[in-house]
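Engineer: quick one, fold the following:
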Amino acid sequence: MNLQQIKALFIQAGVVKLFGKLLAENDNSKNQVYFGPGFQALNLFPNEGIVPDSSATHPIFKAKLRFGWLQANGGVVPAPGAQLILYPQYPEVRFSGFLKGCADPPSKLMSARIAGRILLLGVTADRRVIGFVAAASQKLHLSSNPFTLHRRQA
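Structural biologist: Now for the predicted structure:
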């Protein structure tokens with residue numbers, strides 16, 4: 001699929017904002033996906049509220065997402081374990097649990113250390129987050145800003 005086809009699937013799924021991130025090799029299910037310094041990602045992606053995680057030795061906070069993976073047929077498969085994790089000691093936000101509990105996740109692309117992948121994340125009007133990961137071989141091109149690919153008003 002090319003970028004226009006993927007964008008069309010996102011729009012069909014109800015996405016009103018679409019963001020893209022070039023993934024580093026260590027952005028994977030084991031190490032989590034780094035969303036950057038500070039807590040700006042919390043303003044981009046709707047979540048179900050921030051809660052402290054008292055089991056950690058260093059205080060961290062988690063924000064559950066209503067997340068699913070976009071399929072090539074336009075369907076969306078829920079990934080109920082998806083969440084943002086806030087690490088105040090760094091400070092940074094990471095994306096985690098995106099394969100957990102999902103019936104058809106992109107495991108080959110998101111559990112390995114692979115350079116050049118692109119993660120697309122769309123936000124719907126009803127506050128869901130929909131993801132798609134493209135292999136480097138798909139040769140999608142993002143703008144120089146790693147988190148603004150396309151914006152469409154509802």
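Engineer: where does this structure have low pLDDT?
Structural biologist: Along the chain, the model assigns pLDDT under 70 to residues 55-56, 139-154.
Engineer: where along it do the strands fall?
Structural biologist: All strands of the chain, identified by DSSP state E, fall at 15-22, 33-37, 50-53, 60-64, 67-70, 76-78, 83-87, 92-96, 118-124, 129-134, 150-151.
Engineer: and Asn2, how far from Leu99?
Structural biologist: 25 Å (CB to CB, to the nearest Å). Every residue, glycine included, has its C-beta placed from N, CA and C.
Engineer: same question, Phe45
Structural biologist: 17 Å.
Engineer: so between the two, which is more surrounded?
Structural biologist: Phe45 (21 against 17; other CB atoms under 10 Å).
Engineer: the closest residue to the more buried one other than its chain neighbours bridge partners, please.
Structural biologist: Spatial nearest neighbour of Phe45, excluding adjacent residues (CB to CB, 6 or more residues apart in numbering): Val129 at 5.4 Å. For Val129, the beta-bridge partners are Phe67, Val123 (DSSP bridges).
Engineer: same check on the one 4 residues further on?
Structural biologist: The residues paired with Val133 through beta bridges, assigned by DSSP bridges, are Leu119.
Engineer: that one is in contact with Pro106, isn't it?
Structural biologist: Yes. Taking contact to mean CB atoms under 8 Å, the distance of 4.9 Å between Val133 and Pro106 places them in contact.
Engineer: got the contact list for the nearest residue to Leu9 once chain neighbours are set aside?
Structural biologist: Once flanking residues are discounted, Leu9 sits nearest to Gly74: 5.1 Å by CB to CB, 6+ apart. The neighbours of Gly74, taking CB atoms under 8 Å, 6 or more residues apart in numbering as the test, are 9, 12-13.
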